[in-house]
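coordinates only, sequence not included:
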């Protein structure tokens, strides 16, 4: 089937599940390392690591070997059966984390992990209200989508009662500032919780947040913010749940993004990076919380809980991360990439901000100032198309009032040359797109 025929088949048979975002214009035939290849034979550098997940690149030989061996040996079991890959992975994950995060539940997706975490928090606290950021993305299942504010809320009927949005501490677009015009995040946080307290019926259970908001525009929390948020939770006997689907396992230059702030959550959720592109997620918490949940009959019994095949992949991911010191690699490569993006910003007036940590970076366009109202959105779409034409796959976040922000997250295994080549393509795409608008 040629690409045009395949495209026609997709139009006829595929439910368009990504809102109004367009699918890529060509069908992908295979992927290897930092590149994906279309059916027509074109190579695209992948600066999104698949769905922000493939931290070891595509078709990593050790993951391929693990899948081949494990699927022939032990792939799927009844969820009440345990296997050696599951036992090993839960132990090894605990060893990468500070106390008291010692108990793990292995699942499939980030939404499922957040669903389990919220369910756990509600059962243990005996309360039901959940706080999350106003630009959050935690998944599309029931509790996860109720805690998601960046998209997908309208048209589906009433959300579950007791979900509250907390203002985002965005230093590039500050909504509360001090005398110097700088974001006053402490006042913003205080006001946010004043409003939450006013709306609460006295049943605050947990705060579910990302340490770096990804779909919300790659917003890094200001230094001290996470500790202050944890204190707000303690004052209200709430649990702090950190969603590290995209930030966990070396992506930001630390094993976990919360390491940077020295704040240990009550519950941690992992997904995307844990399976390096395969469906694997985890919920981790303390023995005390796990015991309380068990005593109250905690139930999260799903078809693919504790499956051995993805657990075996997770063990291989940990092997590679540790052996190849990919936390250090992410710091070094991220520093180089950020420097190159800053250099682009000096030559392109439409680049307003570069932010993020490690290999999770954001580059925000400010096209409204150059191209008029709506210019950033139009420019972002044009740059994305031109990058694709030139051989680079990029992902842009478009949120009302903040223009377009590229989420730049190449694999941790990318080479220096691949990073430089991707930035060069982005440079050309910015030039061409501005000229074309």
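Looks like it came in fine. Only a predicted model underlies this, so the values are computations on that prediction, with no experimental measurement involved.

now do the SS call for the residue most central in space within the chain.
Nearest to the mean C-alpha position of the chain, counting by C-alpha atoms, centre = their mean, stands residue 246 at 3.1 Å. Counting by DSSP: H, G, I helix; E, B strand; the rest coil, the backbone at residue 246 sits in coil.

what's near enough to touch it?
Counting by C-beta atoms under 8 Å, 6 or more residues apart in numbering, residue 246 touches 52, 210, 212, 214, 272-273, 360, 409. In short, each C-beta sits where N, CA and C put it, glycine included.

now with 7 Å, please.
The contact partners of residue 246, taken as C-beta atoms under 7 Å, 6 or more residues apart in numbering, are 52, 214, 272-273, 360.

equivalent analysis for residue 394, please.
If you count contacts by C-beta under 7 Å, 6+ apart, residue 394 has them with 47, 384, 387, 406.

correct me, but the second one touches residue 396?
Okay, so that is residue 384. Yes. If you go by C-beta atoms under 7 Å, residue 384 and residue 396 touch, sitting 5.3 Å apart.

phi, psi for residue 212 please.
Backbone torsions of residue 212, given as degrees, to the nearest 10, read phi -130, psi 120.

that one contacts residue 220, correct?
Yes. Between residue 212 and residue 220 there is a contact under C-beta under 7 Å: 5.1 Å.

shared neighbours, the two?
Counting by C-beta under 7 Å, 6+ apart, the common neighbours of residue 212 and residue 220 are 356-357.

quick one: the helices in the stretch 301-437 of the chain?
Using DSSP state H, counting those that start in this stretch, the helices of the stretch 301-437 of the chain run over 308-323, 326-347, 368-371, 375-390, 416-436.

what of the stretch 151-300 of the chain?
Remark: helices assigned in the stretch 151-300 of the chain by DSSP H, counting those that start in this stretch are 185-199, 225-235, 257-261, 272-275, 287-295.

which stretch among these comes nearest residue 334?
Closest of these to residue 334 is helix 257-261, at 12.5 Å (criterion: C-beta to C-beta).

any idea how far that closest one is from the chain center?
15 Å (C-alpha atoms, centre = their mean, to the nearest Å).

any residues touching that helix, and which ones?
Helix 257-261 has contacts (C-beta under 7 Å, 6+ apart) with 211-212, 226-227, 242, 244, 247, 254, 264-265.

where in the stretch 301-437 of the chain is pLDDT low?
Filtered on pLDDT under 70, the stretch 301-437 of the chain yields the residue ranges 370, 398-403.

change it to 90
By pLDDT under 90, the low-scoring segments of the stretch 301-437 of the chain are 366-378, 381, 396-404, 436-437.

for residue 100, which non-adjacent residue is closest in space?
residue 286 (3.7 Å; C-beta to C-beta, 6 or more residues apart in numbering).

what of residue 227?
residue 263 (5.3 Å).

check residue 245 too.
Per C-beta to C-beta, 6+ apart, closest to residue 245 is residue 110, 4.0 Å.

any idea how far the one you found is from residue 277?
Going from residue 110 to residue 277 by C-beta to C-beta, to the nearest Å gives 13 Å.

and residue 235, how far from residue 102?
Counting by C-beta to C-beta, the gap from residue 235 to residue 102 is 26 Å.

of these two, which one has the most company?
Remark: of residue 235 and residue 102, residue 102 carries more neighbours, 18 against 9, as counted by other C-beta atoms under 10 Å.

phi and psi next, for that one.
Here is the backbone geometry of residue 102 (degrees, to the nearest 10): phi -120, psi -10.

nearest residue to residue 153 other than its sequence neighbours?
Nearest non-adjacent residue to residue 153, counting by C-beta to C-beta, 6+ apart: residue 159, 6.9 Å away.

could you report the neighbour count for the one you found?
Neighbours of residue 159 under the rule other C-beta under 10 Å: 13.

quick one, phi psi at it?
With angles defined as degrees, to the nearest 10, residue 159 sits at phi -80, psi 160.

where does it land on pLDDT?
With respect to pLDDT, residue 159 scores 90.

wait, isn't it in contact with residue 146?
Yes. When contacts are counted by C-beta under 7 Å, residue 159 is listed as touching residue 146 (4.8 Å).

circling back: of residue 110 and residue 277, who's got more company?
More crowded of residue 110 and residue 277, by other C-beta under 10 Å: residue 110, with 28 against 24.

contact partners for the more buried one?
By C-beta under 7 Å, 6+ apart, the contact list for residue 110 reads 139, 245, 269, 271-272, 281.

the same query, at a cut-off of 10 Å, please.
Applying C-beta atoms under 10 Å, 6 or more residues apart in numbering, one finds that residue 110 lies in contact with 51-53, 137-141, 144, 243-246, 269-272, 274, 279, 281.

please indicate which of the residues you listed are buried?
52-53, 137-139, 141, 144, 243-246, 269-272, 274, 279, 281 (16 or more other C-beta atoms under 10 Å).

who are the contact partners of residue 316?
Going by C-beta under 10 Å, 6+ apart, residue 316 touches 56, 60, 62-67, 70, 85, 89, 275-276, 278.

so what sits against both of residue 384 and residue 396?
Here residue 384 and residue 396 share the contacting residues 404, 406, scored by C-beta under 10 Å, 6+ apart.

overlap in contacts, residue 159 and residue 146.
Jointly contacting residue 159 and residue 146 under the rule C-beta under 10 Å, 6+ apart are residue 153.

closest to residue 166 out of the helices of the stretch 301-437 of the chain?
helix 375-390 (24.9 Å).

just checking, what packs against that closest one?
Judged by 3 or more C-beta pairs under 10 Å, 6 or more residues apart in numbering; DSSP states H and E, helix 375-390 is in contact with strand 43-46, strand 360-365, helix 368-371, strand 392-393, strand 395-398, strand 404-408, helix 416-436.
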